[in-house]
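> Generate a structure from the sequence data that follows.
(chains A, B, C and D)
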There are 4 protein chains.
Amino acid sequence: MGILRLGYLHVRVTDMAEARRHYVETMGLKVTAEEEGKIYLKGWDEWDHHSVVLEEGGVGVNKLGFKVNSVDDLTSFENRARAFGATVERMSKGENLEVGEGFRVISPSGHTVELYADITYLGSEVGFTNPYPFPRHQVGISVPALDHMLIMAEDVALNEKFFMDVFDFYAVEQIRPEYDSPARIATWLSIGQKAHDLAIVAGKDKGLHHFAFRLDDWSKILHAADIFSMDDVSIDITPTRHGITRGETIYFFDPAGNRNETFAGGYTAYPDRPTVIWTPDQLGRGIFSHSRELNTAFTEVYT
Amino acid sequence: MGILRLGYLHVRVTDMAEARRHYVETMGLKVTAEEEGKIYLKGWDEWDHHSVVLEEGGVGVNKLGFKVNSVDDLTSFENRARAFGATVERMSKGENLEVGEGFRVISPSGHTVELYADITYLGSEVGFTNPYPFPRHQVGISVPALDHMLIMAEDVALNEKFFMDVFDFYAVEQIRPEYDSPARIATWLSIGQKAHDLAIVAGKDKGLHHFAFRLDDWSKILHAADIFSMDDVSIDITPTRHGITRGETIYFFDPAGNRNETFAGGYTAYPDRPTVIWTPDQLGRGIFSHSRELNTAFTEVYT
Amino acid sequence: MGILRLGYLHVRVTDMAEARRHYVETMGLKVTAEEEGKIYLKGWDEWDHHSVVLEEGGVGVNKLGFKVNSVDDLTSFENRARAFGATVERMSKGENLEVGEGFRVISPSGHTVELYADITYLGSEVGFTNPYPFPRHQVGISVPALDHMLIMAEDVALNEKFFMDVFDFYAVEQIRPEYDSPARIATWLSIGQKAHDLAIVAGKDKGLHHFAFRLDDWSKILHAADIFSMDDVSIDITPTRHGITRGETIYFFDPAGNRNETFAGGYTAYPDRPTVIWTPDQLGRGIFSHSRELNTAFTEVYT
Amino acid sequence: MGILRLGYLHVRVTDMAEARRHYVETMGLKVTAEEEGKIYLKGWDEWDHHSVVLEEGGVGVNKLGFKVNSVDDLTSFENRARAFGATVERMSKGENLEVGEGFRVISPSGHTVELYADITYLGSEVGFTNPYPFPRHQVGISVPALDHMLIMAEDVALNEKFFMDVFDFYAVEQIRPEYDSPARIATWLSIGQKAHDLAIVAGKDKGLHHFAFRLDDWSKILHAADIFSMDDVSIDITPTRHGITRGETIYFFDPAGNRNETFAGGYTAYPDRPTVIWTPDQLGRGIFSHSRELNTAFTEVYT
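Okay, here's the model as predicted:
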């Protein structure tokens, strides 16, 4: 089965108290563990020990982790990563709190990517026996789960190839300089049936453009924007629709300056669905379907 | 009972064919009559002969009409308008196509305002016997009805007084330079229970900021923005919420450059509801609840 | 201006603790006062002292109150009520907690109806200075306000006439035994621009069919039904649309057995809007637009 | 990668003209081919030649087809089906219009299941180059795609085992007679990340409970119910939420009596998500989250 999902990411924040207020009180994540300079968080609909780890000091992403279906998958992926020529190292159980053994690979874009099969199971807030559809008491916008992330890379095509060849991602949508070009301005990769699990956009290596949390639908997007206003969250892009993925979205910043997204909608992706290709003349509409304008702050500001 | 609603407005457009495409194909209004240089339009849920009249030549509003409950109301209002010191003239039946007698008054802001009690009844598209909630076949975003308009005035307080004293509007929300100031930066006036029927904002006399059409809810706002994107409508402000009125909105321009709005939500207004007062430090949030930023293009561009 | 709205209703409940849990924890009303055997409640968006009063003992409605715009209106209405031949008595300040003087009239249907102009002002939860669109922390389904009620009457036509002739309600929709019949099976009356403030349906005099709280839109209707499921509220009619008023609705019971409704949507009513007439063959669709079936439990069960 | 999705189903209808009106005018499917006694249909967001095939004569399902990722997968699945002891036969290219070679297997429940890798590509209505999020002109409720189906089986556990062991489905939710029982009253199986691709409920072998089309969200569910009312579609279950899958739903019948569903929402399923277990005491809420009542017509009526 291979990779299940983007399991976790470790993100740097400048002020832990402010970050906690944002991710817990506004976003509605739950604290599952704390260490010196680290807070571990999960959404109410996630069962694994954590999905977001806040690390004190600066801004940007330290690493991301993909959960695979079984320990057997790890060996196969590790071999393929080495075959690709990537730098790989083994990761022992406990190196990451509550996370089992696995391996660590540096993507061509310089991002640290960890692969693991085991992580302590905590269960979801509604449980798995005769559950209700959501928790009776919700905090802030009550995001159920981490959804996807978008990283920056100087060579998008190479990194797309890396994630496709080594980890079996497939390209759902792409921005190409010309329709038939092998070059990529950006690519949206799925590992399952979500419209994207990982996106890569041209920019500085190691950069984090944003990471996104799932919301149910457009009505929840409005509610989130209203709560952000009340909590004085810095909104980057007010509620709108993406042309790419068709998703409904808000972009905003955590107090450290990391861009977050709330994402709803989108279609069911399949490997046999033709890759959607966007050309630069329609790029504005591809990014934001309503304004249809390129917003340089959106593309050039990241952490 | 007095004034029922903003019954019609006559708006100038530069290119009649383009305007027709916008108001008919995209907005979903129906043509009810045509004359040399004029097209009469109504929404599917309106029963009077027309609510929007397109007049060839330029941009901006030529006049607006308020429908009153009975011919008796006309005399009373006319007397009060004269008492206020406004320029008033009688309007005979047929001066406006399908509209009965009434009178015409110039507001302090220089806007031509017509009052009338009778207009040819056409009926709504779903009818009034065992009706369905909306037409089975809809065109574009299928606006049901004209909702309100916002005009510019050099002296907002004076014009507020005019509409309150002469026509019984009451102030639902106001922007004041200071909390206790008698001056007004803007005012939102209701003649019934809608959060506003007429708003007045500081700017050049005779100016039209926008006129708005009703939509059912936030999901229809998204649909409208999606259709606008497909029809290449120039969107000024993408889907968001107003702080003032709480309404959900999109601002956009017709091909001539007149600003339109689609408006959903808002609360039920009552004369005993305290007037909401906005102060300049919170004005950005008052206008657009999510971005919380003053947008000079929004406040300074009008027709 | 006359009547502003259905200001309050006093409803009997069998178990005060259960009723409190329902109206406070699930519905989200706030307790504004308590007396022996009485709890006074208001919604977050209401400014008057109370809108719902729970009275211990039994089930059904004890009385309803309409707020008028000014004390002057009271005298006029009282005279018209007497002229109609109704039993009228003066009501002194303080007879109702925090409510000013007024009068009490018995409708032909035997309902006790109080008219008043003054009630202690408490203000809304979001306030009227630079307000947010809703409270940051919400309880249960967080209803903003009481919306309307539906009472039973043996002679609907007579009661319709009473409320129209004495209090200036107008008929927005009617169910008639035949299209041209002067008889009424049911009538929906508005006193302003809401699709209804008071409805009257054929049944036993003094009966209460339901009272309704406002919700913003269809997404809030789903949320309410989900919370009702979690709180084990007895749902009578799951989310659907009314043909009559076009409103989106849930019907459910409080623990005593009084039917409640959450109501969203509906159109803007006007006195010059033709009265919608429903005939018996389309009645099922008139009541519930999706099932299109008469549900005898719905029409025959009331308190 | 194995099975991609429920690719098609062939359903019997009694009157082709009525069925065509239902599936084309109301549901919004497009006719892609016609043969004597057969109509081939697809949704606007599907790219393969067809997903629903109407076959004249009676009611119920004739067969269903799962599309696999590659021809290589076919051999593997065929061997596993034979190893399970199922009756298998090869299927040659062209046996099904526009469908490539594959094999046919009879499930323990007696359903004819076809596996294929190739089917003529037609493309979607919005295309895959700079696409808009949906077609500008929509017909009826404009379903984008077939989503899942629910079949009846006398031995649910055996059929669950069949689809899991032979085709790699995994159980997302189950109704069990007791929490720890190996028996199954019903099971919801996913082959990817949708909350279900195939469900099996206790009943007569070969039975079809319903097949479902995707809708975007709860607002589209309301719109669908409104259109069904206008088109006089027989609605079985008005808009509500499932406890199982959390999906938002309407059940209704095509003119022949086959139950259809429109389905929105639901969560992202993963193989490592614990299987949700429902016990009979909470079954009513599991099926319909709002009414929380077992509806025997719903469970016992199928084709």
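> Could you give me the buried positions within stretch A:11-28?
Neighbour-count burial for stretch A:11-28, counted by 16 or more other CB atoms under 10 Å in any protein chain shown, picks out A:11-13, A:16, A:19-24, A:26-28. (Glycine included, C-beta is placed from N, CA and C.)
> On the three-state scheme, the residue in the stretch 101-250 of chain A positioned nearest to chain C is what?
Of all residues in the stretch 101-250 of chain A, the one sitting closest to chain C is A:S219 (3.4 Å; CB to the nearest CB). Assigned by DSSP: H, G, I helix; E, B strand; the rest coil, the conformation of A:S219 is helix.
> list the contacts for the nearest residue to A:D254 once chain neighbours are set aside?
The shortest distance from A:D254 to any residue other than its chain neighbours is 5.0 Å, reached at A:H22 (CB to CB, 6 or more residues apart in numbering or on different chains). Listed by CB atoms under 8 Å, 6 or more residues apart in numbering or on different chains, the contact partners of A:H22 are A:231, A:233, A:254-255.
> Of those, which is the nearest to chain B?
A:V233 (9.8 Å).
> That closest one and A:F252 touch, don't they?
Yes - contact criterion CB atoms under 8 Å: A:V233 and A:F252 qualify, at 5.1 Å.
> from the chain's centre, how far out does the helix or strand harbouring A:T249 sit?
Assessed by DSSP states H and E, A:T249 sits inside strand A:247-253. Here strand A:247-253 shows a centroid-to-chain-centroid distance of 13 Å under the convention CA atoms, centre = their mean, to the nearest Å.
> do the same with stretch A:137-153
Counting by CA atoms, centre = their mean, stretch A:137-153 comes out at 8 Å from the chain centroid.
> Could you export that stretch as PDB, CA atoms only?
Extracted C-alpha coordinates of stretch A:137-153, given in PDB (Å, rounded to 0.1, in the frame of the first residue of the first chain):
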ATOM      1  CA  HIS A 137     -17.800  20.700  22.300                       C
ATOM      2  CA  GLN A 138     -15.600  22.300  19.800                       C
ATOM      3  CA  VAL A 139     -12.700  24.700  20.300                       C
ATOM      4  CA  GLY A 140     -12.100  27.500  17.800                       C
ATOM      5  CA  ILE A 141     -12.400  26.300  14.200                       C
ATOM      6  CA  SER A 142     -11.900  22.700  15.400                       C
ATOM      7  CA  VAL A 143      -9.900  21.300  12.500                       C
ATOM      8  CA  PRO A 144     -10.300  17.600  12.200                       C
ATOM      9  CA  ALA A 145      -6.900  16.800  10.700                       C
ATOM     10  CA  LEU A 146      -3.800  17.900   8.900                       C
ATOM     11  CA  ASP A 147      -4.400  17.600   5.200                       C
ATOM     12  CA  HIS A 148      -1.400  18.500   3.000                       C
ATOM     13  CA  MET A 149       1.600  20.800   2.600                       C
ATOM     14  CA  LEU A 150       3.300  22.900  -0.100                       C
ATOM     15  CA  ILE A 151       7.000  23.100  -0.200                       C
ATOM     16  CA  MET A 152       9.300  25.200  -2.300                       C
ATOM     17  CA  ALA A 153      12.000  23.800  -4.500                       C
END
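> List the buried residues for it?
A:139-153.
> interface residues of chain A facing chain C?
A:132-134, A:136, A:217, A:219, A:226-227, A:229-231 (CB under 8 Å from any CB of the partner chain).
> Where does pLDDT dip in the stretch 51-200 of chain A?
Along the stretch 51-200 of chain A, the model assigns pLDDT under 70 to no residue.
> quick one: A:G65 and C:E55, what's the gap?
According to CB to CB, to the nearest Å, A:G65 stands 59 Å off from C:E55.
> While we're on the residue of the stretch 101-250 of chain A closest to chain C, how confident is the model there?
A:S219 carries a pLDDT value of 98.
> burial count for it?
A:S219 has 25 neighbours, counted by other CB atoms under 10 Å in any protein chain shown.
> list the contacts for it?
Here A:S219 is in contact with B:218-219, C:217, C:219, D:217-219 (CB under 8 Å, 6+ apart).
> Considering the residues of chain A next to chain C, which possesses the most neighbours?
That'd be A:S219 among these, by other CB under 10 Å, with 25 neighbours.
> Distance check, that residue against D:D217.
8 Å.
> again with A:P108
38 Å.
> What parts of the stretch 1-150 of chain A come near chain D?
A:1, A:4-5, A:45, A:47, A:67, A:69, A:123, A:128-133, A:144-145.
> which one of those sits closest to B:T75?
A:P133 (59.8 Å; CB to CB).
> Tell me who's in contact with the closest residue to A:L189 other than its chain neighbours.
With CB to CB, 6+ apart as the criterion, A:L189 has its nearest non-adjacent residue at 3.9 Å, and that residue is A:F169. Residues near A:F169 by CB under 8 Å, 6+ apart: A:3, A:163, A:189-191, A:197-198.
> Make a markdown table from the residues you listed and add neighbour count and secondary structure to it.
Formatted as a markdown table, the contacts of A:F169 follow (neighbours: other CB atoms under 10 Å in any protein chain shown; DSSP: H, G, I helix; E, B strand; the rest coil):
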| residue | neighbour count | secondary structure |
| --- | --- | --- |
| A:I3 | 21 | strand |
| A:F163 | 24 | helix |
| A:L189 | 23 | strand |
| A:S190 | 24 | strand |
| A:I191 | 23 | coil |
| A:D197 | 24 | coil |
| A:L198 | 25 | strand |
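> could you dump these to TSV with distance to D:R184?
Listed next are those as TSV, based on distance: CB to CB, whole Å:
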residue	distance to D:R184
A:I3	30
A:F163	38
A:L189	36
A:S190	31
A:I191	30
A:D197	32
A:L198	36
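> Who has more neighbours out of A:G65 and C:E55?
A:G65 (24 against 18).
> Make sure the more buried one is actually in contact with A:L97.
No - under the criterion of CB under 8 Å, A:G65 is not in contact with A:L97, lying 11.8 Å apart.
> nearest residue to A:P271 other than its sequence neighbours?
Going by CB to CB, 6+ apart, A:P271 has A:Y170 as its nearest residue, at 5.1 Å.
> Give me the number of neighbouring residues for that neighbour.
18.
> and it, what does it touch?
Contacts of A:Y170 (CB under 8 Å, 6+ apart): A:164, A:189-191, A:271, A:275.
> Tell me which two in those residues are the farthest apart.
A:I191 and A:T275 (14.8 Å).
> Pull up the residues of chain A that are close to chain B.
Near chain B, when you scan chain A using CB under 8 Å from any CB, you find A:218-219, A:222, A:225-226, A:228-229, A:235, A:238-241, A:248, A:250, A:285, A:288-292.
> could you redo the last one with a cut-off of 10 Å?
A:217-219, A:221-226, A:228-230, A:232-241, A:243, A:246, A:248, A:250, A:252, A:265, A:285, A:288-293 (CB under 10 Å from any CB of the partner chain).
> quick one: which of those residues sit in helices?
For the residues of chain A next to chain B, membership in helices holds for A:218-219, A:221-226, A:228-230, A:285, with DSSP state H as the criterion.
> Mind listing what's buried along stretch A:79-87?
A:80-81, A:84, A:86.
> Okay, and which of the residues you listed map to strands?
Among those, no residue falls in strands (DSSP state E).
> Relative to chain D, which of those is nearest.
Closest to chain D, out of all of the buried residues of stretch A:79-87 and judged by CB to the nearest CB, is A:R80, at 16.2 Å.
> so who does that closest one touch?
A:86, A:88, A:105, A:165-168 (CB atoms under 10 Å, 6 or more residues apart in numbering or on different chains).
> ok, now with 8 Å
So A:R80 contacts A:165-167 (CB under 8 Å, 6+ apart).
> likewise A:H50?
Contact analysis of A:H50 by CB under 8 Å, 6+ apart lists A:8, A:32-33, A:40-42, A:97-98, A:119.
> run the last query once more with 10 Å
A:H50 touches A:7-10, A:29-33, A:38-43, A:65, A:96-99, A:119-120, A:122, A:146, counting by CB under 10 Å, 6+ apart.
> among the residues you listed, which ones are buried?
Among the contacts of A:H50, those classed as buried by 16+ other CB under 10 Å are A:7-10, A:29-30, A:32-33, A:39-43, A:65, A:96-99, A:119, A:122, A:146.
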